[in-house]
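[1] how would this look folded up:
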Amino acid sequence: VQSPLRHARHAAKVLIKFKLLEWQRIDAPTLQAWTEATPYLVQLHARHFAQTAPADWTTALVDELVAVGAARRADGQLYNA
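    Numbers count the residues shown, from 1 in each chain. Prediction:
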């Protein structure tokens, strides 16, 4: 309740991570297309992060997943870690 942006960001990362568990690897354009076609992510973005372009928001979320070791980038792909 005290940190709605933090919770919204965490929820978005969890959804991306679960999808990455399913895919195991994906390229950035396909991931971006999925995030923009997923209603809950679209809603989170519009409600809390509309000042950031959708692609930049997705990149930032993925950067955070990579930073904590939940994903890794290699050869133009994002991999589950």
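
[2] what bridges to the nearest residue to Val62 once chain neighbours are set aside?
    Using Cβ to Cβ, 6 or more residues apart in numbering and skipping the chain neighbours, the partner closest in space to Val62 is Leu78 (6.2 Å). For every residue, glycine as well, the C-beta is placed using N, CA and C. Beta bridges link Leu78 to Ile26, Arg73 when assigned by DSSP bridges.

[3] all helices of the chain, in order?
    Using DSSP state H, the helices found in the chain span residues 4-23, 28-37, 39-48, 54-67.

[4] Tell me which of the ones you listed is the most buried.
    helix 54-67 (a mean of 16; mean count of other Cβ atoms under 10 Å).

[5] can you state the direction angle for that helix and helix 39-48?
    Here helix 54-67 runs at an angle of 110 degrees relative to helix 39-48 (axes from the mean of the first three to the mean of the last three Cα atoms, to 10 degrees).

[6] hang on, the earlier thing: output the helices of the chain in JSON lines, with mean pLDDT and distance to Arg73 appended to each entry.
    Below are the helices of the chain laid out as JSON lines (pLDDT from 0 to 100; distance: least, Cβ to Cβ, whole Å):
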{"stretch": "helix 4-23", "mean pLDDT": "96", "distance to Arg73": "12"}
{"stretch": "helix 28-37", "mean pLDDT": "96", "distance to Arg73": "9"}
{"stretch": "helix 39-48", "mean pLDDT": "96", "distance to Arg73": "20"}
{"stretch": "helix 54-67", "mean pLDDT": "97", "distance to Arg73": "6"}
